[in-house]
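**Student:** kindly return the folded structure for what I paste below:
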Amino acid sequence: MIPINKPLLGHEEEDAVIEVIRSGILTNASPEGGPNSRAFERELEHTLGAKHCVVTNSGTSALQIALMAAGIKKGDEVIVPSFTFIATASAVVLCGAKPVFVDIDPDTYNISPPMVERAITDKTKAIMPVDLYGLPANFDEIRKIANEGGIALIEDACQAQGASYKGNMAGTLGDIGCFSFYAGKVMTTGEGGAIITNDDELAQKARRIRTHGQIKGYDSTNLGGNFRMAEIEAAIGREQLKKLKLFLTIRAENAKLMMEGLDNTDLKLPEVPRGVVPNWYLFTVRSKSIAAREKIRRRLNEAGIGATVYYPTPVHRTPLYVNMGYADIKLKETEKASETVLSLPVNPVVTREDVDKIINLIKNEM
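**Tutor:** I've put the predicted structure just below:
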C-alpha cells in the first residue's frame, strides 16, 4: 500500500528515545516543562523566526489553549471554516464559545475573507482560519478584517508546518498560531502540538494554561489543565525537525510531478496563490462529480494507493453539530468540495515510479 501519509522515523529518533528513558526524566510538572521540551521550543522558535513557542500534548490542545489565552469564553463567537477536521470547531466549544461556520474559497479550499466579513457580529471575538492541506489562508485580507474589528486572529496551522505566506512562516501569521505533530503530519512526535506567538502576554498565558494555570507550582492563578508534551515526544520532535527540510523537498518534487502528469485532465489541480509556498501535506484534486471522484478513488485503492477524501463530511454536517443546531446552515462551496475532492499521496515514501503509477491509473479511469 502506498499510504496517504506515513511517519518516517530512523535510528536518530530511536537513540533520542533511549536517551530519555535512561535519563529517567519522562516529563516535568513545572510550567517550563522538561529539558527536551524546552530545547524543542527553542529550536522551533529559531526555525520559525518566532519569539515564543509552547509545546503541547496535541494540536487540539494547542487550539484550545490559544483560544483560552485570547480570552475566549462563554457567549463569544469564533468564526471558523466547516471544511476542516472537527478539532478546529470543537476547541471553540470546549471553551464554552460558539463556532460560526463560514464558506470557503473554491480555488484554495481555505476560509473565504468576504464570508468572514459578512459573519462578524458584536459577539465575534476571534477568527480562526485553517491552512488547509498545508496551504496558508489569505492572511492579508483576514488580518485586515481582524484589525478593523479589534478581533483576535488565531491561525490553525496544524496541517501547515514548513509552509510560508509572503516570506513569513505558517504558524506566525496570526496573533497566535497552532501546530499538530500527529503521526500523519509532515513531521511527528507521535501525538503533540505547539503554540507560536510573538506576543509576550499571550505566551505567558499559554504556558500557565498548559500546566493548570500555575506560575511556579501549586499557585494556580487561572484555569488550565495538563496539556504538557512528554519528554519522549519532544526528543522525537527535535530529531524530526532536523529532517523537515528534506521531507518538504521530496513532497514538493512529488507534487510538481503530479501537477505535470495530471495537467490537461478533467481534474481541477491545486491552486497556489502568488507568494504562498505550501508544504504539500495533502495534494488534493477535484472531480466534476461525486461519482467521478468515487470511481477514481476506488480504482486507486484497489491498486494499493491510499487516495483519501479529506473531508467527506463538513463539520456542520456531523451528527454532533447537527444536534447542536447547525443542520440548516447552507455552505454551498464547502458542501460541493466535500463531494468532489480527493487527496493523493505525495509524502516522502512515494517514489517517482509511484507517482507515474498514480497518474496512469487516473488517466485510464477518465
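
**Student:** surely Val277 touches Gly167?
**Tutor:** No: shown here, Val277 and Gly167 do not form a contact pair, counting by C-beta atoms under 8 Å, at 9.3 Å. In this view, the C-beta of every residue, glycine as well, is placed from N, C-alpha and C.

**Student:** the more surrounded of the two?
**Tutor:** Of the pair Val277 and Gly167, Val277 is the one with more neighbours under other C-beta atoms under 10 Å, namely 19 against 8.

**Student:** please name the nearest non-neighbouring residue to that one.
**Tutor:** Ser164 (4.6 Å; C-beta to C-beta, 6 or more residues apart in numbering).

**Student:** against which helices or strands is the longest helix along the chain packed?
**Tutor:** Secondary structure of the chain per DSSP state H: the longest helix is helix 231-262. Counting contacts by 3 or more C-beta pairs under 8 Å, 6 or more residues apart in numbering; DSSP states H and E, helix 231-262 packs against helix 11-23, helix 35-48, strand 283-286, helix 352-364.

**Student:** quick one, grab the pLDDT at Lys363.
**Tutor:** As predicted, Lys363 sits at a pLDDT of 94.

**Student:** so where do the strands sit in the stretch 51-200 of the chain?
**Tutor:** Assigned by DSSP state E, counting those that start in this stretch, the strands in the stretch 51-200 of the chain fall at 52-56, 77-81, 98-102, 124-127, 152-156, 164-165, 168-169, 176-180, 193-197.

**Student:** ok, which of those strands comes nearest Asn301?
**Tutor:** Nearest of the strands of the stretch 51-200 of the chain to Asn301, taken as C-beta to C-beta: strand 176-180 at 25.3 Å.

**Student:** which elements pack onto the closest one?
**Tutor:** Counting contacts by 3+ C-beta pairs under 8 Å, 6+ apart, strand 176-180 packs against helix 59-69, strand 152-156, strand 193-197.

**Student:** hmm, 10 Å instead?
**Tutor:** helix 35-48, strand 52-56, helix 59-69, helix 87-94, strand 152-156, strand 193-197, helix 200-210 (3 or more C-beta pairs under 10 Å, 6 or more residues apart in numbering; DSSP states H and E).

**Student:** so what's the residue nearest to His52 when sequence neighbours are not counted up against?
**Tutor:** In space, His52 comes closest to Ala203 once its chain neighbours are excluded; the distance is 3.6 Å by C-beta to C-beta, 6+ apart. Going by C-beta atoms under 10 Å, 6 or more residues apart in numbering, Ala203 touches 50-54, 69, 176, 195-197.

**Student:** write the PyMOL selection for whichever of those residues are buried.
**Tutor:** Here is the PyMOL command that selects the buried residues among the contacts of Ala203 (16 or more other C-beta atoms under 10 Å):
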select buried, resi 50+52+53+54+69+176+195+196+197
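
**Student:** and Glu19, what's its pLDDT?
**Tutor:** Glu19 is assigned 97 on the pLDDT scale.

**Student:** do you know how far the nearest residue to it once chain neighbours are set aside is from Ala119?
**Tutor:** Excluding its sequence neighbours, the residue lying closest to Glu19 (C-beta to C-beta, 6+ apart) is Ala235, at 6.9 Å. According to C-beta to C-beta, to the nearest Å, Ala235 and Ala119 sit 42 Å apart.

**Student:** measure the residue nearest to His52 to Gly10 for me?
**Tutor:** In terms of C-beta to C-beta, Ala203 sits 32 Å off from Gly10.

**Student:** could you do Gly193 as well?
**Tutor:** 22 Å.

**Student:** repeat that for Leu63.
**Tutor:** From Leu63 over to Gly10 the distance is 30 Å, taken as C-beta to C-beta.

**Student:** likewise Ile79?
**Tutor:** The gap separating Ile79 from Gly10 is 41 Å, by C-beta to C-beta.

**Student:** who has more neighbours, the two?
**Tutor:** Using other C-beta under 10 Å, the more surrounded residue of Ile79 and Gly10 is Ile79, with 27 against 10.

**Student:** run through the stretch 101-250 of the chain and note the low-pLDDT ranges.
**Tutor:** Of all residues in the stretch 101-250 of the chain, none has pLDDT under 70.
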